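Peer 1: The sequence and its predicted three-dimensional model are supplied below.
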Amino acid sequence: MLNISGLKEGIVLDHIQAGKSLDIYYHLGLDKLECQVAIIKNAKSNKMGRKDIIKIEGDLTSLDLDVLGYIDHNITVNIIQDNRIVEKKTLKLPKKITNVIHCKNPRCITSIEQELPDVFCLSDEKTETYRCLYCEEKYGK
């Protein structure tokens, strides 16, 4: 059995859909940080069958939970301090996301003005559909 030691201080992202952990790793910019990161892929789960888990060591108060909520709002965020879970956060679909997805409309202002951020607003929670703030282009999962 694989054994990855616990964290003294950090964050554990649990209940990640199997195979999504590397997307999350890059979207959160974990590849640019100087902290230890453990990615566990295809772990057995009674609830999900298979799941991924990411353990991140250190104080990460700058973690963008909106990015996580957009990627998969079923992820559980466990805050670890002194080797114990001190807080569990549940995610929801963010109302607005910035620079996570990019507008595909070639006539959108973001295609011309490169310095403008790509901003999408949640337009339909049931279908998880977002629309570009500038041109209303639809983006669904």
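Peer 2: Arrived safely.
Peer 1: in this protein, which spans are helices?
Peer 2: 21-27, 65-71, 109-112 (DSSP state H).
Peer 1: Flag every buried residue along the shortest one.
Peer 2: Looking back up the chat, that one is helix 109-112. For helix 109-112, burial by neighbour count (16 or more other Cβ atoms under 10 Å) applies to residue 110. Every C-beta, even on glycine, is put in place using the N, C-alpha and C of the backbone.
Peer 1: quick one: contacts of that helix?
Peer 2: Contacts of helix 109-112 from elsewhere in the structure, counted by Cβ atoms under 8 Å, 6 or more residues apart in numbering, are 102-103, 105, 116-118, 132, 134-135.
Peer 1: change it to 7 Å
Peer 2: Identification of contacts with helix 109-112 by Cβ atoms under 7 Å, 6 or more residues apart in numbering yields 103, 116, 118, 134.
Peer 1: Stretch 41-58 now?
Peer 2: 4, 7, 9-16, 18-21, 24-25, 30, 35-40.
Peer 1: residue contacts, the nearest residue to residue 96 once chain neighbours are set aside?
Peer 2: Spatial nearest neighbour of residue 96, excluding adjacent residues (Cβ to Cβ, 6 or more residues apart in numbering): residue 121 at 5.2 Å. Counting by Cβ under 7 Å, 6+ apart, residue 121 touches 95-96, 130-131, 133.
Peer 1: Equivalent analysis for residue 95, please.
Peer 2: Contacts of residue 95 (Cβ under 7 Å, 6+ apart): 121-122.
Peer 1: cutoff 10 Å now
Peer 2: Residue 95 makes contact with 66, 69, 120-122, 125, 130, according to Cβ atoms under 10 Å, 6 or more residues apart in numbering.
Peer 1: Repeat that for residue 98.
Peer 2: 64, 66-67, 117-120, 133.
Peer 1: cool, residue 88 as well?
Peer 2: 12, 14, 76-79.
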